[in-house]
Each structure stands twice: as C-alpha cells, then as structure tokens.
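**Q** sequence unknown, structure follows:
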C-alpha cells in the first residue's frame, strides 16, 4: 500500500497486513492492527509520528499452543530508507512490518503448570526448581583435580 506524503498524510485506520509479510516468521497471524498518527515532510524527509497497536498470534514457547500477544509501538522518527526514488511516497505495509517484527518476543509463554510437560527420563522444571549446584560432570572434574 503506497501512500503519498505531500506535504502530510494523516492516518487513523485498521489495516490488514498481507500474510506474505509474516508467513515465514514466528508470527502466526496479526489481528486488530490499528495505525493512528501522521507522516509529514520535514526538510524533504518523511517524518512519522504514530502509534501502531495490534495483537500477534504466536506459538507458546512451551506448549506450542496459539496465544495472543498484544503490542503497542510508539514511533517518532525520520524515514529516509523507505522513500521511493524521486518521490515522497512510502510503502505503508513495509514500514509497518519493519516495526512489528521488532516487537516479536524471543520466548513467550502463558504456561504456569510445568508438571504436565514430561517424558521418558525428562521433565520440564521452572527456574526456581533448577538446582545450580547439580552438575553431572562433578565426578569427572574431581578426577582431574587429583594429582597422579
């Protein structure tokens, strides 16, 4: 979606970002994407002052269930690299995607009960249950400390 900014473009609308932007990412879907603000020319550069709100659908880092992750982005900066040559035009979808992808968390979970995640010889434990003193290589390390 190419927008023309000459001298100003005000936006207050819900946007449907095409799936091609996020289909190769961790994001399963983007819902309720709302953009409010404006783009304007400032010394022949496009300046954007806006808020981007929405909900990402992500896979839970532990259970792999689809969960909603709300996000809100406050943007106030100059957009030189997004300009079309010799024109005051901006690809709004590309701009939105560049900013949304920065909000994707590395790990996100809503799982509170880890006891149901276990298997043959393993179980998932919380940070509190983790005993940092246990090291399966301690016995081997003791042998290295002995002088022969």
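**A** The structure has been received and is ready for your questions. Note that the structure is predicted; figures quoted are calculated from it, not measured.
**Q** how about low-confidence regions in the chain?
**A** When residues are selected by pLDDT under 70, those of the chain lie in 4, 80-86, 112-118, 126-136, 145-148.
**Q** what do you get if the cut-off is 80, keeping everything else the same?
**A** When the per-residue scores of the chain are filtered using pLDDT under 80, the ranges that remain are 1-6, 42-45, 62, 79-90, 108, 110-148.
**Q** can you pull out the strands in this protein?
**A** Counting by DSSP state E, the segments of the chain that form strands are 2-4, 8-14, 27-42, 45-59, 66-78, 89-91, 118-119, 122-123.
**Q** give me the neighbour count for residue 68.
**A** Applying other Cβ atoms under 10 Å, we find 12 other residues in the vicinity of residue 68. (C-beta placed from N, C-alpha, C; glycine too.)
**Q** now do residue 48
**A** Residue 48 has 20 neighbouring residues, counting by other Cβ under 10 Å.
**Q** beta partners of it?
**A** With DSSP bridges applied, residue 48 shows beta-bridge pairing to residue 39, residue 77.
**Q** residue contacts, it?
**A** 37-39, 75-79, 95 (Cβ atoms under 8 Å, 6 or more residues apart in numbering).
**Q** middle-most residue in the chain, spatially?
**A** The C-alpha lying nearest the average C-alpha coordinate of the chain belongs to residue 104 (Cα atoms, centre = their mean; 1.1 Å).
**Q** ok, for that one, nearest residue in space, not its chain neighbours?
**A** Nearest in space to residue 104, with sequence neighbours left out and distances taken as Cβ to Cβ, 6 or more residues apart in numbering, is residue 26 at 5.5 Å.
**Q** check the gap between the residue nearest to residue 41 when sequence neighbours are not counted and residue 54 for me.
**A** Nearest residue to residue 41 in three dimensions, chain neighbours excluded: residue 7, at 4.8 Å (Cβ to Cβ, 6+ apart). According to Cβ to Cβ, to the nearest Å, residue 7 and residue 54 sit 28 Å apart.
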